[in-house]
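J.: Sequence first, predicted model second:
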Amino acid sequence: MARPEFASDVSREEFEEVRGMLEAARRKTRPRKHDLYDVFCAVLYLLETGSAWRGVPQGFPPWRTVHEYFTQWTAVRPGEPMLLEVALDQVGRPATVAALHKALGRR
């Protein structure tokens with residue numbers, strides 16, 4: 001079943017530019033159950049709407065899955081920007097980078 005489109009979504013082509021770096025953040029212990037594109041778009045939705053984690057709309061992966069990826073993608077890497085920040089910059093989402101910093105309590 002296809003999920004509805006949201007204004008916060010990126011195109012599949014834009015996502016393919018950052019897929020490799022986002023996939024590398026997760027240890028490969030078992031096959032993915034959810035499309036990484038949908039997880040990334042769910043993170044964008046949450047950042048751009050300010051919604052609560054449990055407010056992830058139907059059609060996206062479960063909120064706990066989205067939260068786990070968000071945690072991995074925002075892990076602090078000494079001397080480097082967060083992986084999610086780099087991905088958002090690469091897909092041209094400066095406003096979402098600002099929302100990310102606000103959500104994490106950073107400047």
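T.: That came through, no problem. Note that this is a predicted model, so its numbers are computed, not measured.

J.: Only the buried residues of stretch 5-20, if you could.
T.: Along stretch 5-20, the positions that meet the burial threshold by neighbour count (16 or more other Cβ atoms under 10 Å) are 8-10, 14-15, 18. For every residue, glycine as well, the C-beta is placed using N, CA and C.

J.: where along this protein do the helices fall?
T.: Counting by DSSP state H, the chain has helices at residues 12-23, 36-49, 63-73, 83-90, 94-103.

J.: Please work out the average pLDDT along the third one.
T.: Think helix 63-73. When pLDDT is averaged along helix 63-73, the result is 95.

J.: Outside of it itself, list whatever touches it.
T.: Contacting residues not belonging to helix 63-73 are listed as 22, 25-26, 33-34, 36, 39-40, 42-43, 46, 53-56, 60, 82-84, 87 [Cβ atoms under 8 Å, 6 or more residues apart in numbering].
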